[in-house]
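K.L.:
I'll drop the sequence and a predicted model, then ask my questions.
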Amino acid sequence: MTMDRDMKLVVTGAAGRMGQTLIRVIHAMPGAVLHAAIERPGSPFVGKDAGEIAGLGANGVIIGDEPLEAFLHADGVVDFTSPAASVAFAGLAAQARIVHVIGTTGCSPDDEEKFRAAGRHARIVKSGNMSLGVNLLSVLVEQAAAALPARDWDIDVLEMHHRHKVDAPSGTALLLGEAAARGRKIDLATHSVRVRDGHTGPRGSGTIGFATLRGGSVIGEHTVYFAGEGEMVTMSHSAGDRSIFARGAVTAALWGMDRKPGFYSMLDVLGLSNS
Ligand SMILES: NC(=O)C1=CN([C@@H]2O[C@H](COP(=O)(O)OP(=O)(O)OC[C@H]3O[C@@H](n4cnc5c(N)ncnc54)[C@H](OP(=O)(O)O)[C@@H]3O)[C@@H](O)[C@H]2O)C=CC1
Ligand SMILES: O=C(O)C1=N[C@H](C(=O)O)C[C@H](O)C1
């Protein structure tokens, strides 16, 4: 469906780090317009002007706490909140038959099933990282993992984020781990080592390890190490600004307008998916 007007987007978690960035990016990107901004009931931001909170100056969109009402009159929702909130929003997006872009990380397998179920009626795009750079990196990681034999090459993913981040490993680290597991044709859940502490014994061959750093205001640093005997290949991504995630998310929302209901990834949006 090609629209002759801008796509009307709702931003949930509008006063959060990503919510504010999204409001600025939607203001700057052609093809989309901010329709509504949502925070949780009782939030001190409810009733405030979304443009002012995002540092743009007043835009007349007052932050509300009734998501269904907002979704029913919108084309899509861009959602970087919490796992429980995103599960609830997916159900409402399915009711409203709109596009739901989910950037929230730290979701459980049970949450993921609920997102897929909502994809029967909504067009859901979900990714642990919405940036072009990380999604390209995941394709390269998959290729490297396929090319470097598991018996000789160990894979570990290292990530660092700001002190406020509440989930670990990051969604991006898990996305990169999944890419490595695909390249090796193994199941990540049964081959990953999420914690090392105390007398761990030698490293298990064929496992994929994760290490987490937290501190300061770091937006997002990720490195995948392929460590062999006497040589090492490293692949990294460094986020310098949250607008890379927000631009990706708005691009995903616009892409979702022309899709059938379903559950999609950023690789689908970017044409990098090989499935
Ligand atoms: N996929 C990607 O590319 C990226 C993903 N992320 C992920 O996005 C999520 C948010 O990150 P960030 O913006 O830094 O976090 P923040 O804590 O800054 O923002 C989250 C916002 O969501 C609000 N919120 C929580 N529950 C609800 C609810 N039920 N209804 C409405 N609003 C709600 C919070 O309000 P309150 O404070 O009152 O709880 C807060 O304002 C995280 O999971 C993070 O990992 C972040 C960057 C990129
Ligand atoms: O919480 C964040 O900030 C980020 N979360 C995402 C993740 O968990 O990977 C993406 C990005 O790195 C920033």
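P.N.:
Okay, I see it. Numbering: from 1, shown residues only. Ligands and ions are numbered 1, 2, ... in the order given.
K.L.:
Every contact and neighbour count from this point should use C-alpha atoms.
P.N.:
Will do.
K.L.:
So residue 41, which state does it fall into?
P.N.:
Recorded secondary structure, residue 41: coil (DSSP: H, G, I helix; E, B strand; the rest coil).
K.L.:
Please determine how far it is located from residue 23.
P.N.:
Residue 41 sits 20 Å away from residue 23, going by C-alpha to C-alpha, to the nearest Å.
K.L.:
go on, residue 131?
P.N.:
Following C-alpha to C-alpha, the distance that separates residue 131 from residue 23 is 17 Å.
K.L.:
Which one of the two is surrounded by more residues?
P.N.:
Using other C-alpha atoms under 10 Å, the more surrounded residue of residue 131 and residue 23 is residue 23, with 26 against 20.
K.L.:
Distance-wise, check residue 247 relative to residue 173.
P.N.:
As judged by C-alpha to C-alpha, residue 247 and residue 173 stand 20 Å apart.
K.L.:
Those two: which is more packed in?
P.N.:
Applying other C-alpha under 10 Å to residue 247 and residue 173 shows that residue 173 carries more neighbours, namely 27 against 21.
K.L.:
so residue 101 makes contact with residue 253?
P.N.:
Yes: at 6.2 Å, residue 101 counts as touching residue 253 under the criterion of C-alpha atoms under 8 Å.
K.L.:
Now for the two: what residues contact both?
P.N.:
76, 77, 78, 125 (C-alpha atoms under 8 Å, 6 or more residues apart in numbering).
K.L.:
Next step: these restricted to strands.
P.N.:
Assignment to strands by DSSP state E places the following of the shared contacts of residue 101 and residue 253 there: 76, 77, 78, 125.
K.L.:
bridging residues for the second one?
P.N.:
Which is residue 77. Following DSSP bridges, residue 77 is listed with bridge partners residue 10, residue 100.
K.L.:
quick one, what contacts it?
P.N.:
9, 10, 11, 12, 71, 93, 98, 99, 100, 101, 253.
K.L.:
CSV for these, including pLDDT, distance to ligand 1 and neighbour count?
P.N.:
What follows is those, written out as CSV (pLDDT from 0 to 100; distance: C-alpha to the nearest ligand atom, whole Å; neighbours: other C-alpha atoms under 10 Å):
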residue, pLDDT, distance to ligand 1, neighbour count
9, 98, 15, 28
10, 98, 11, 26
11, 99, 9, 29
12, 99, 5, 28
71, 98, 13, 26
93, 98, 14, 28
98, 98, 18, 26
99, 98, 16, 33
100, 98, 13, 34
101, 99, 9, 32
253, 98, 13, 28
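K.L.:
Where does pLDDT dip in the protein?
P.N.:
By pLDDT under 70, the low-scoring segments of the chain are 1-2, 275.
K.L.:
and the residue of the stretch 151-275 of the chain found nearest ligand 1, how many residues sit next to it?
P.N.:
Nearest residue of the stretch 151-275 of the chain to ligand 1: residue 245, at 4.5 Å (C-alpha to the nearest ligand atom). If you count neighbours by other C-alpha under 10 Å, residue 245 ends up with 22.
K.L.:
Just the buried residues from the ones in strands among the shared contacts of residue 101 and residue 253, in ChimeraX please.
P.N.:
Filtering those down to the buried ones (16 or more other C-alpha atoms under 10 Å) takes a single ChimeraX command:
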select :76,77,78,125
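K.L.:
will you turn the ones in strands among the shared contacts of residue 101 and residue 253 into a markdown table that also has distance to residue 203?
P.N.:
A markdown table is the format used below for these (distance: C-alpha to C-alpha, whole Å):
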| residue | distance to residue 203 |
| --- | --- |
| 76 | 46 |
| 77 | 43 |
| 78 | 40 |
| 125 | 36 |
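K.L.:
now, among the ones in strands among the shared contacts of residue 101 and residue 253, which is nearest to residue 164?
P.N.:
Distance to residue 164 across these (C-alpha to C-alpha) is lowest for residue 78, with 20.9 Å.
K.L.:
What parts of the stretch 51-200 of the chain come near ligand 2?
P.N.:
105, 128, 129, 165, 170, 171, 172 (C-alpha under 6 Å from any ligand atom).
K.L.:
out of those residues, which is most surrounded?
P.N.:
Most surrounded of these: other C-alpha under 10 Å gives residue 129, at 28 neighbours.
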